[in-house]
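**Student:** pasted the sequence and its predicted model underneath.
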Amino acid sequence: MKFTPEHEQIADTVRKFVAKELNPHVPEWEAAQEFPSHEVFKKLGDLGLLGIKYPTEYGGMGLDFSYSMVMAEALGDCTCGGVPMAIGVQTDMATPALARFGSDELRREFLAPTIAGDYVACLGVSEAGGGSDVAAAKTSARKEGGDYVINGSKMWITNGLKADWCCLLANTSEGSPHRNKSLIVVPMDAPGITKQKIRKIGMDSSDTAQLFFDNVRVPQRHLIGQEGMGFTFQMLQFQEERLWGAASSLRGLDRIIDATIEYTRQRQAFGKSILDNQVVHYRLAELRTEVEALRALTYRAVEMYVGGKDVTKLASMAKLKCGRLSREVADSCLQYWGGMGFTWDNPVSQAYRDSRLVSIGGGADEVMLGIICKLEGTLPKVAK
């Protein structure tokens, strides 16, 4: 990928924002298990960072996805995973389908204020009985008069407690589970919605909710694109989510390796620094090489995506590698910190807790492997 001065400018703006507006508050937000998303998102919106790839007529910059990738990578300077993830949901997970397929009226009503940072968005796909199995979603939206009447629940919803609207996947007809679903914009102040906080083992500063919909009414004009295309639209949204996830991990992985090099250089054991042991510095060299390999894969996938190519396989590979490498780096580096790595207020233990989600959210490792196998033609044939 070739980076322009505009790429560098966006990256620099994001890094400065992280240093000034995010990192000083991370300990407080982690302890509170939430962060002031409306306040933070409004500041991001004022900088134009919430609509980098979206049309200028709705307040965006009108740039391509490579600029969103640059922002995602720069967010890796944040010393926790929860806040960048919440931002990513706003920019690259809950909004792509609305921006691409929504009516002009719907985009002006919901996309424009989301880009401005006045609204917080969430994505309602996963359910208690179906996370990675999107086709198994049971939430329904039946037509009644000019409305959809929504019943069901959604699970593990990032930004769910504070969101102003939800990009909701629901069954709008009977029939094939891949053709009976639609994406619908649901205002989160609609009567019949209740929320329950979910406590997690990491990503503490990101609020996560279970949402319940009890005869929730929204106008049928809140449909995104065509009815029955929701599964397809969500698969397209997953492309950008998975690329965003891989890009957002890169600087964080480098940061943990950097911190471990510095700590092991200073820490003494048996008359020399920990870093002086060949097993340690060789292992850190291996991990750094793996990060660079992931960076190259991610950059290539983004470049092809911007060029209009189908990157389902590469995005799945990047997502798979990102999840596994995030666990490997955090676990390996924690070992070299010894007892200090097992304390709570430590950058490596923070990464250890937060990174575990990467192999689950946005499609589990096993789902990524299934997609790759399918596209490679290596799945076993099913007997008829």
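**Tutor:** Sure, I can see it.
**Student:** which SSE is immediately downstream of the lowest-mean-pLDDT helix or strand in the chain?
**Tutor:** Sorting the helices and strands of the chain by mean pLDDT, DSSP states H and E puts strand 268-269 at the bottom, at a mean of 92. Toward the C-terminal end, the helix or strand that comes next after strand 268-269 (DSSP states H and E) is strand 272-273.
**Student:** backbone dihedrals for Thr194, please?
**Tutor:** phi -120, psi 150 (degrees, to the nearest 10).
**Student:** got a pLDDT number for it?
**Tutor:** According to the prediction, Thr194 has pLDDT 98.
**Student:** what are the ranges of the helices in this structure?
**Tutor:** 5-17, 26-32, 37-46, 65-74, 82-88, 96-101, 104-106, 112-116, 230-266, 278-306, 312-337, 347-355, 365-376 (DSSP state H).
**Student:** Ser206 reaches Gly82, doesn't it?
**Tutor:** Yes: the pair Ser206 / Gly82 is scored as a contact, 3.3 Å apart, by Cβ atoms under 8 Å. C-betas here are computed from N, CA, C, even on glycine.
**Student:** check the closest residue to Met61 other than its chain neighbours and give its pLDDT.
**Tutor:** Ranked by Cβ to Cβ, 6 or more residues apart in numbering and with sequence neighbours excluded, the top spatial neighbour of Met61 is Ile52, at 5.0 Å. On pLDDT, Ile52 comes in at 98.
**Student:** now Gly377
**Tutor:** 89.
**Student:** hmm, back to that, any idea how far the least confident helix or strand of the chain is from the middle of the chain?
**Tutor:** 39 Å (Cα atoms, centre = their mean, to the nearest Å).
**Student:** who does it pair up with?
**Tutor:** Using DSSP bridges, strand 268-269 pairs in its sheet with strand 272-273 (antiparallel).
**Student:** not counting the strand it pairs with itself, show me its contacts.
**Tutor:** Thr264, Arg265, Gln266, Arg267 (Cβ atoms under 8 Å, 6 or more residues apart in numbering).
**Student:** please apply the same query to stretch 28-40.
**Tutor:** 21-22, 25, 80, 82-83, 86-87, 117, 120, 159, 161-162, 199, 204-207, 350.
**Student:** now those residues: which count as buried?
**Tutor:** Listed as buried from the contacts of stretch 28-40 are 21-22, 25, 80, 82-83, 86-87, 117, 120, 159, 161-162, 204-207, 350; burial here means 16 or more other Cβ atoms under 10 Å.
**Student:** among those, which lie within strands?
**Tutor:** Assignment to strands by DSSP state E places none of those there.
**Student:** any idea which residue of the protein is furthest from its center?
**Tutor:** Among the C-alpha atoms of the chain, the one most distant from their mean position (Cα atoms, centre = their mean) is that of Gly271, at 44.4 Å.
**Student:** against Ser182, how distant is that one?
**Tutor:** 67 Å (Cβ to Cβ, to the nearest Å).
**Student:** got the contact list for the residue nearest to Met61?
**Tutor:** Taking Cβ under 8 Å, 6+ apart, one finds Ile10, Gly60, Met61, Leu63, Tyr67, Ser68, Met71, Thr91 in contact with Ile52.
**Student:** and Arg251, by the same measure?
**Tutor:** Glu73, Ala74, Leu75, Gly76, Asp77.
**Student:** most surrounded residue in the residues you listed?
**Tutor:** Leu75 (27 neighbours; other Cβ atoms under 10 Å).
**Student:** for that one, which non-adjacent residue is closest in space?
**Tutor:** Leu75 sits nearest to Pro84 (Cβ to Cβ, 6+ apart), 4.1 Å away.
**Student:** could you do Trp337 as well?
**Tutor:** Val348 (5.4 Å).
**Student:** confidence score at that neighbour?
**Tutor:** 97.
**Student:** ok, now Lys384?
**Tutor:** 46.
**Student:** check Gly130 too.
**Tutor:** The predicted local confidence for Gly130 is 68.
**Student:** start at 4, not 1
**Tutor:** Okay, using 4 as the starting number, the last item reads as Gly133.
**Student:** quick one on the thing from earlier: could you export the contacts of Arg254 as JSON lines, including distance to Leu253?
**Tutor:** Below are these laid out as JSON lines (distance: Cβ to Cβ, whole Å):
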{"residue": "Glu76", "distance to Leu253": "5"}
{"residue": "Ala77", "distance to Leu253": "10"}
{"residue": "Leu78", "distance to Leu253": "10"}
{"residue": "Gly79", "distance to Leu253": "6"}
{"residue": "Asp80", "distance to Leu253": "11"}
